[in-house]
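Visitor: Sequence first, then the predicted structure:
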Amino acid sequence: MPTELKRLEKKWVIAEAIPQNVDQELSSYSPLLRQLLYNRGVKTGWEAEAYLAGVSPTNQDPFQMSGMDEAVGILHEAISNKHKIAVYGDYDVDGITSSAILYEFFQVFGIEARVYIPDRFDEGYGLNLEAVEQLSSEGMRLIITVDCGISSVVEVARAKELGMKVIISDHHQVPEQLPDADAIINPHRPGDNYPFKELAGVGIAWKLVVAYLQRYPIPNVDPYQWIDLVAIGTVADVAELTGENRCLVKRGLALMQTKPRQSLMSLCQVSRIKIQNINAGDIGFGIGPRLNAAGRLEHANIAYQLLISKDLYEAARYAQELDNINNKRKNLVDESRNIALNKALAADKDQLALFVANEDFHRGLVGLIAQRVVESVYRPTVVGVIDGDSIVCSARSIEEFNLIEGLRHCDGLLEKYGGHPLAGGLTVKTELADAFIERLNDYAKEVLFGLELLPTLKIDKEILLDHLCSEQIPSILHAVDQLEPTGNKNPDALFCSRNCQVLGLRQLKDGKHLKFIVRDGGVQFEAVAWNMGHLYADMSEYIDIAYSIEINEYMGNRTVQFNVKDIKKSTTKQA
């Protein structure tokens, strides 16, 4: 652990009380649920009904997407003529779930699609010319990209020269120049009429299947049979769990709980997840990292083969292999994070955007390393691997800084770049690295001038702990459960309480975590604080806590537990 690193303070922003008119509009729900709904932008009765039922508030017709009509026509021609079809996916969970959906969809027609997932290290992200040549030599007549392709101008042109048709399905930001593909499906295209713009790549690939079956229905083939894969890819890609995404994930979780595929059962077993209770958090912190680990350290084909496996023993073998790779991944990230933090903290203190490059970083882990640095210092961070005369980087950002706009500001200094407002990738010549980070910092100073750069905790409600009795907990948990599935832009319910006395403080797992009891008056609850073991020596007797409320199951016992997200020293110590 870097000795110079101080604990990063967090801003607590407590939600305003629900306005009287909205409170009246939502009067059929409990007071707490009304507040929770209002905090998530729900203000009318019909919005509340749609949210709680998991129904999309917008029209979901896939043919509203530009290019969908053309894509379905091309697809139907290829299926009808039994053409050889290649599915070209990305190596992350979004890409492999997209690939698995289309592979199983084509099996319905007796077509064994050629699924091509590039090697992260030898081929990099997106379409590449060697792969296009390879697929042509194998006799492919149609390439469908999933979760990639929107920037592949040269590669698509080559595919067309070789006589192949190309459908691009992607959700990444659209560049100024689009490839000359036969069809492009991306709701971010200018003029696209699809109302929900935040679908993950897997959501768009699935929409292609929905559109095809809508136009050419097949008895007993329901596109919702793949909704579990849509949910996994959407959550693992940290897509917004609002609107249609939340509805798709909610329905996907229900399918997993009632009719799980063999691959998921095997993954849940090695992840110690109860599949009958699986939620979005289990995907985000258990299933997703294991599926992603293959592409980060070895090859994503391991994860893809698991997803399409229907054999118990084969699925168990793949799941165990992924679990082993993920354990190795966690150890490497922990080691590299400390190296990156030490370098970042030794940099110029005036830098708002941090840049760390090292020959020894693992190329598949630089994104995770960058994220860990951001979590520690709350600054946009670029982490790269030095590879000859180039540095291959991943970047992570903060809410106040649009990363992709920052990279566009550095366009002339970069070999290539792409991504989202909060995450991206880039390659820069070693000789231009200093100029790049200087220009990125100049832009960051313009954008971030005068802002207090601290991570924010949005708290739903302040609770007076001494007024909280055990009889109230079931109704609180019921209201909290209504928010599921939770995630990006639809967070877990978060509460805060002040002047809590700390009792029975102890460290867990080699001092990494904390376990204690919080008490106020005659009321007390068990609490756990993950990854806060470093606070043990300086813990105050009275603290303010931000926390979620959950049920802890251990050896058959179920107890109420506060999952503490932040701790502050109480400013008013109780007598």
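Guide: Looks like it arrived, so ask away.
Visitor: Tell me the secondary structure of V356, please.
Guide: What DSSP: H, G, I helix; E, B strand; the rest coil gives for V356 is strand.
Visitor: which residues touch it?
Guide: Shown in contact with V356 (C-beta atoms under 8 Å, 6 or more residues apart in numbering): 340, 343-344, 373, 381-384. In this view, the C-beta of every residue, glycine as well, is placed from N, C-alpha and C.
Visitor: With distance to R261 added, can I get those in CSV?
Guide: Conversion of the contacts of V356 to CSV gives the following (distance: C-beta to C-beta, whole Å):
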residue, distance to R261
A340, 37
K343, 43
A344, 42
V373, 36
T381, 37
V382, 38
V383, 35
G384, 37
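Visitor: which one of those is nearest E438?
Guide: E438 lies nearest to V382 out of the contacts of V356, by C-beta to C-beta, at 12.5 Å.
Visitor: Could you double-check that L8 lies in contact with L453?
Guide: No. Under the criterion of C-beta atoms under 8 Å, L8 makes no contact with L453, lying 10.0 Å away.
Visitor: Which one of the two is surrounded by more residues?
Guide: Neighbour tally, L8 and L453, criterion other C-beta atoms under 10 Å: the higher count belongs to L453, 16 against 13.
Visitor: so who does that one touch?
Guide: 352, 378-379, 398, 400.
Visitor: one more time with 7 Å
Guide: When the contact criterion is C-beta atoms under 7 Å, 6 or more residues apart in numbering, the partners of L453 are 378-379, 400.
Visitor: Ok, N358 next?
Guide: 339, 385-386.
Visitor: Try it again at 8 Å.
Guide: By C-beta under 8 Å, 6+ apart, the neighbours of N358 are 336, 339-340, 343, 384-386.
Visitor: Could you tell me which of those belong to strands?
Guide: 384-386 (DSSP state E).
Visitor: what secondary structure does I398 sit in?
Guide: Assignment for I398 (three-state DSSP): coil.
Visitor: next one: E314
Guide: Strictly by three-state DSSP, E314 counts as helix.
Visitor: burial of it, as a residue count?
Guide: 15.
Visitor: And it, how far from S263?
Guide: To S263, E314 is 9 Å away according to C-beta to C-beta, to the nearest Å.
Visitor: now the closest residue to H172 other than its chain neighbours, what's its secondary structure?
Guide: The shortest distance from H172 to any non-neighbouring residue, by C-beta to C-beta, 6 or more residues apart in numbering, is to I150 (5.4 Å). Under three-state DSSP, the three-state class of I150 is coil.
Visitor: Any stretches of this protein with poor pLDDT?
Guide: 1-7, 348-349, 573-575 (pLDDT under 70).
Visitor: can you list contacts of whatever helix or strand S99 lives in?
Guide: Following DSSP states H and E, one finds S99 within helix 93-107. With contacts defined as C-beta under 8 Å, 6+ apart, helix 93-107 is touched by 79, 85, 87, 89-90, 112-113, 115, 117, 144, 146-148, 169, 200-202, 204-206, 208-209, 212, 226, 229-230, 232-234, 236-237, 288, 291-292, 295, 300, 303-304, 307-308.
Visitor: Report the distance from that helix to the chain centre.
Guide: Its chain's average C-alpha position is 18 Å from that of helix 93-107, according to C-alpha atoms, centre = their mean, to the nearest Å.
Visitor: Check stretch 363-383 too.
Guide: The answer for stretch 363-383 is 15 Å, by C-alpha atoms, centre = their mean.
Visitor: Kindly report the domain assignment for this structure.
Guide: 11-15+456-569, 62-221, 347-448 (automatic domain parsing).
Visitor: neighbours around L102, how many?
Guide: L102: 23 neighbours (other C-beta under 10 Å).
Visitor: what about it, distance to R337?
Guide: For L102, the distance to R337 equals 36 Å [C-beta to C-beta].
Visitor: Please apply the same query to V447.
Guide: 26 Å.
Visitor: Could you check which of those two is surrounded by more residues?
Guide: Neighbour count, other C-beta under 10 Å: between V447 and R337, R337 has more, with 22 against 16.
Visitor: Now the residue nearest the centre of the chain: which helix or strand?
Guide: By C-alpha atoms, centre = their mean, the chain has its centre lying nearest to V238, at 1.7 Å. Here V238 sits in a region with no helix or strand, counting by DSSP H and E.
Visitor: Can you report phi and psi for the closest residue to it other than its chain neighbours?
Guide: Once flanking residues are discounted, V238 sits nearest to N488: 5.2 Å by C-beta to C-beta, 6+ apart. Torsion angles at N488 (phi, psi; degrees, to the nearest 10) stand at phi -60, psi 120.
Visitor: now the one 3 residues further on
Guide: Main-chain torsions, P491, degrees, to the nearest 10: phi -70, psi 160.
Visitor: Kindly report the same for K160.
Guide: phi -70, psi -40.
Visitor: Could you do K82 as well?
Guide: phi 50, psi 40.
Visitor: Find the nearest non-adjacent residue to it, please.
Guide: Spatial nearest neighbour of K82, chain neighbours left out: I111 (6.6 Å); criterion: C-beta to C-beta, 6+ apart.
Visitor: now do G126
Guide: Closest to G126 by C-beta to C-beta, 6+ apart is C148, at 4.5 Å.
Visitor: circling back: specify which member of the contacts of V356 is nearest to R506.
Guide: V373 (29.4 Å).
Visitor: Now the closest one: closest residue in space, sequence neighbours ignored.
Guide: T381 (4.5 Å).
Visitor: Tally up the residues packed near the one you found, please.
Guide: Neighbour number of T381 under other C-beta under 10 Å is 28.
Visitor: Look up how far Y417 lies from it.
Guide: 15 Å.
Visitor: just to revisit the earlier point, neighbours of the residue nearest to V238, how many?
Guide: Around N488 there are 18 residues (other C-beta under 10 Å).
Visitor: which residues touch it?
Guide: 238-241.
Visitor: Return the member of those residues nearest to G163.
Guide: Using C-beta to C-beta, the contacts of N488 come closest to G163 at A239, 35.2 Å.
Visitor: wait, doesn't that closest one sit right on N245?
Guide: Yes. A239 lies in contact with N245 (C-beta under 8 Å); the separation is 5.4 Å.
Visitor: Give the residues shared as contacts by these two.
Guide: In contact with both A239 and N245: 198-200, 203, using C-beta under 8 Å, 6+ apart.
Visitor: So which of those residues are in helices?
Guide: Of those, the ones assigned to helices by DSSP state H are G203.
Visitor: So which of the shared contacts of A239 and N245 is surrounded by the most neighbours?
Guide: Result: A200 is most packed of those (other C-beta under 10 Å), 29 neighbours.
Visitor: Let me know whether that one touches H171 as I believe.
Guide: Yes. A200 lies in contact with H171 (C-beta under 8 Å); the separation is 6.0 Å.
Visitor: Which of the contacts of V356 has the largest number of neighbours?
Guide: V383 leads these on contacts (other C-beta under 10 Å) with 31 neighbours.
Visitor: you'd agree it is up against I339?
Guide: No. At 10.0 Å, V383 does not count as touching I339 under the criterion of C-beta under 8 Å.
Visitor: list the residues that contact both of those two?
Guide: Joint contacts of V383 and I339 (C-beta under 8 Å, 6+ apart) are F361.
Visitor: so can I have TSV of the contacts of N488 showing distance to R498?
Guide: Listed next are the contacts of N488 as TSV, based on distance: C-beta to C-beta, whole Å:
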residue	distance to R498
V238	31
A239	35
E240	32
L241	30
